[in-house]
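*Asks:* Provide a 3D model corresponding to the input given below.
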Amino acid sequence: MPDRNAAAWPWLRARLAGLRAAPAPGPGGTRPAAVVRTAVVTDSAAALPAEWAAGQGSLDVVPMPVMVGDEIYGEGEDDILETVALALAAGTPVKTSRPSPGQFELAYRSARDRGFESVVSVHISGELSGTADAARLAASRVDIPVEVVDSRTAGMAQGMAVQAAMEAAAQGLPANEVAQAAARQAGRTRVYFYVPSLEQLRRGGRIGAAASFLGTMLAIKPILAMEDGRIVPLEKVRSAARAVARLEEIVVEDAAARSGEVRLAVHHFGNREEAGTLAVRLGAALPDCPPAQISSLPAVLAAHAGLGVLAVIVGEGSPG
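*Replies:* Sure, this is the predicted structure:
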């Protein structure tokens, strides 16, 4: 689960509340605040802090299952990161799966029953999971219009797309424009990460083009990225310290090249202190950027990345 620290989130909570409650100028004076007609559904790979997500009446987060040995855990329902860490250290098989279409049907029908007229469903990259396919199947079975968005990303990059959808919905925009807002935000967000070993990604079949590293994986520390929904290699570095330093350089170069407000998120698995140090260094290098949101990688992603992963998401500010 993401860390229970939502310090970087009040701006979004306040903005959503303002959009729902405040009158807006219009012809002849003022008009009522926008009516939120579109609900947003996502999956737990979005890494949204649980307490923040729970406070959003128009958002449902469908848990993604993680299988440790013969036991099945629900991300968001069970505190499973420690279980996953112990299993990986002991060599116990850890697998993940997509949510069932039935889980999405329940979420969509719940939105309908709460009075929403449509749903936008934003999900982890289809190159990594069949979650968006399950959502599409569920959408075909319900009597409320559902727009499914394959974010082509994961973690807080997906989470930022969900936030963009929430903000668009709070403005009263129709479902197709809410979906477009999510897709735009996902498209301008990048994921960079370092893993001490490619072994877990190899076992899970998630490395794609990074397979070229396998011949020398014991001698290198790979820096990876997500491009068009896939995990791809960026660089091969010879030491862990240099890999983290290079990850920092890549993030700073990306952030400095952007013209708008930059937002950062840092994910970790079993190395919270290292993630905090990286976030501090990024803050020093990018003084105009708000502090990075630091959180554990969701278990459904940590199971594939392995212990010691450091991931940085570079996104942009509120699309509004």
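
*Asks:* going forward, measure contacts between C-alpha atoms and count neighbours the same way
*Replies:* Will do.

*Asks:* looks to me like residue 105 is in a strand.
*Replies:* No: under DSSP: H, G, I helix; E, B strand; the rest coil, residue 105 sits outside any strand and is assigned helix.

*Asks:* just give the nearest non-adjacent residue to it, would you?
*Replies:* Among residues not flanking residue 105 along the chain, residue 138 sits closest, at 5.1 Å (CA to CA, 6 or more residues apart in numbering).

*Asks:* mind checking which helix or strand the one you found is in?
*Replies:* In this assignment (DSSP states H and E), residue 138 forms part of helix 131-139.

*Asks:* packing partners for the helix or strand following that helix?
*Replies:* Toward the C-terminus, helix 131-139 is succeeded by strand 146-150 as the next helix or strand (DSSP H and E). Where contact means 3 or more CA pairs under 8 Å, 6 or more residues apart in numbering; DSSP states H and E, strand 146-150 is packed against strand 118-123, helix 131-139, helix 175-187.

*Asks:* for strand 146-150, what is the distance to the chain centroid?
*Replies:* 15 Å (CA atoms, centre = their mean, to the nearest Å).

*Asks:* in the helix or strand following that strand, what's buried?
*Replies:* Remark: after strand 146-150, the chain's next helix or strand is helix 156-170, criterion DSSP H and E. Buried residues in helix 156-170, defined by neighbour count with 16 or more other CA atoms under 10 Å: 156-170.

*Asks:* show me what the helix holding residue 138 is packed up against.
*Replies:* When contacts are defined as 3+ CA pairs under 8 Å, 6+ apart, helix 131-139 packs onto helix 101-113, strand 118-123, strand 146-150.

*Asks:* same thing but 6 Å
*Replies:* Helices and strands touching helix 131-139, by 3 or more CA pairs under 6 Å, 6 or more residues apart in numbering; DSSP states H and E, are helix 101-113.

*Asks:* any idea of the mean pLDDT in the helix it packs on?
*Replies:* Helix 101-113 carries an average pLDDT of 97.

*Asks:* what segments of this structure are helices?
*Replies:* 10-21, 50-54, 81-90, 101-113, 131-139, 156-170, 175-187, 199-203, 240-257, 272-285, 299-305 (DSSP state H).

*Asks:* domain ranges for the protein?
*Replies:* Dividing the chain into domains by automatic domain parsing, as the record does, gives the ranges 10-64+99-187, 190-316.

*Asks:* distance between the shortest one and the chain's centre?
*Replies:* Between the mean C-alpha location of domain 190-316 and the chain-wide mean there is a distance of 14 Å, by CA atoms, centre = their mean.

*Asks:* thinking again about what came up before, may I see the helices of the chain organised as JSON lines, with distance to residue 122 added?
*Replies:* Output for these, formatted as JSON lines (distance: least, CA to CA, whole Å):
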{"stretch": "helix 10-21", "distance to residue 122": "18"}
{"stretch": "helix 50-54", "distance to residue 122": "14"}
{"stretch": "helix 81-90", "distance to residue 122": "23"}
{"stretch": "helix 101-113", "distance to residue 122": "11"}
{"stretch": "helix 131-139", "distance to residue 122": "8"}
{"stretch": "helix 156-170", "distance to residue 122": "6"}
{"stretch": "helix 175-187", "distance to residue 122": "7"}
{"stretch": "helix 199-203", "distance to residue 122": "24"}
{"stretch": "helix 240-257", "distance to residue 122": "25"}
{"stretch": "helix 272-285", "distance to residue 122": "27"}
{"stretch": "helix 299-305", "distance to residue 122": "16"}
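
*Asks:* for residue 312, which of these is the nearest?
*Replies:* Closest approach to residue 312 among those (CA to CA): helix 240-257, 7.3 Å.

*Asks:* got the buried residues for that closest one?
*Replies:* Residues 243-244, 246-248, 250-252, 255 are the ones in helix 240-257 that count as buried (16+ other CA under 10 Å).

*Asks:* any idea of the angle that helix forms with helix 272-285?
*Replies:* If you take axes from the mean of the first three to the mean of the last three CA atoms, to 10 degrees, helix 240-257 sits at 40 degrees to helix 272-285.

*Asks:* shaky segments in the stretch 201-320 of the chain?
*Replies:* The stretch 201-320 of the chain contains residues with pLDDT under 70 at 201-219, 318-320.

*Asks:* any residues touching stretch 258-271, and which ones?
*Replies:* 289, 292-297, 307-317 (CA atoms under 6 Å, 6 or more residues apart in numbering).

*Asks:* repeat that with 8 Å
*Replies:* Stretch 258-271 is contacted from outside by 85, 156, 255, 275, 279, 289-297, 302, 306-317, using CA atoms under 8 Å, 6 or more residues apart in numbering.

*Asks:* and stretch 307-320, by the same measure?
*Replies:* Contacts for stretch 307-320 (CA under 8 Å, 6+ apart): 85, 88, 156-157, 160, 164, 167-168, 181, 185, 188-196, 244, 251, 254-255, 260-271, 275, 302.

*Asks:* run a quick neighbour tally on residue 292.
*Replies:* Neighbour count of residue 292, defined by other CA atoms under 10 Å: 23.
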